[in-house]
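Visitor: Predicted model and sequence below, questions to follow.
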Amino acid sequence: MTAPLTLDPARTALVLVDLMDRIVALRLEPRKGTEVLHTAEELAQTFRAAGALVVLIRVERPSVAEQPPGSGLADGLLRDGDLEVVKGTIGGFQGTRLDEHLRERGVTTLVFGGIATNLGVESTARAAADLGYALVFAEDAMAAFTTAEHEASVRLDFPRLGSVVTASQVRLAAG
């Protein structure tokens, strides 16, 4: 983990992946989905208070008449001013206008959290890195199906893509 990071709220967005009731309720490690959600909500409050963008990505299964119960974002997570992105793949950029929305707002740095660390979060982060965004990973705002999967992303992959920190180490500069 690195030292606390102070980021420019005008150029930084918080990207939270798949914080949907049916996913938060899954058996996850190294922490419960409810713990991830709590940490993510605190980060989102910090970002909103600083005037920074909060992006909430959720998945919808393609080619089904009706989504499974719990497919919306966790209750109360989406607020006015947030950007909701609906994806049909593992990552949040493919087939969405996420990159366009971020560039329109001048965002150059993304702070990640969500479920699952090694799937939706990592897939979205890899695409973001390919698109030239600076990346920050709030390790305690993520979980996976096993601790080993979470740790592989956090210890092996994410440090190659950006900075790995705890949510409390993410700071936004005063405007």
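Guide: Thanks, I have it. Numbers count the residues shown, from 1 in each chain.
Visitor: Show me the helices in the protein, by range?
Guide: Assigned by DSSP state H, the helices in the chain fall at 21-24, 33-49, 98-104, 122-130, 147-151, 158-161.
Visitor: Tabulate those (a markdown table), appending mean neighbour count and mean pLDDT.
Guide: The way it works is simple: take the backbone N, C-alpha and C, and place the C-beta from them, glycine included. Converted to a markdown table, the helices of the chain look like this (neighbours: other Cβ atoms under 10 Å; pLDDT from 0 to 100):
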| stretch | mean neighbour count | mean pLDDT |
| --- | --- | --- |
| helix 21-24 | 19 | 96 |
| helix 33-49 | 19 | 97 |
| helix 98-104 | 16 | 98 |
| helix 122-130 | 20 | 98 |
| helix 147-151 | 17 | 98 |
| helix 158-161 | 16 | 98 |
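Visitor: and the gap between the residue lying closest to Gly33 once chain neighbours are set aside and Arg79?
Guide: Spatial nearest neighbour of Gly33, excluding adjacent residues (Cβ to Cβ, 6 or more residues apart in numbering): Val24 at 3.6 Å. Here Val24 is placed at a distance of 17 Å from Arg79 (Cβ to Cβ, to the nearest Å).
Visitor: Buried residues of stretch 161-174, list them for me.
Guide: 161-165, 167, 169-170, 172 (16 or more other Cβ atoms under 10 Å).
Visitor: sorry, back to before: can you list the helices of the chain in TSV and add distance to Arg58?
Guide: What follows is the helices of the chain, written out as TSV (distance: least, Cβ to Cβ, whole Å):
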stretch	distance to Arg58
helix 21-24	9
helix 33-49	13
helix 98-104	12
helix 122-130	12
helix 147-151	20
helix 158-161	22
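Visitor: What is the end-to-end distance of stretch 54-67?
Guide: 24 Å (Cα to Cα, to the nearest Å).
Visitor: Other residues contacting stretch 143-163?
Guide: Taking contacts as Cβ atoms under 8 Å, 6 or more residues apart in numbering, the residues outside stretch 143-163 that touch it are 2, 5, 26-33, 35-36, 115-119, 121-122, 125-126, 129, 134-137, 139, 142, 164.
Visitor: Next one: the residue of the chain positioned farthest from its centre, what pLDDT does it get?
Guide: Residue farthest from the centre of the chain, counting by Cα atoms, centre = their mean, is Ala65 at 27.1 Å. The model reports Ala65 with a pLDDT of 86.
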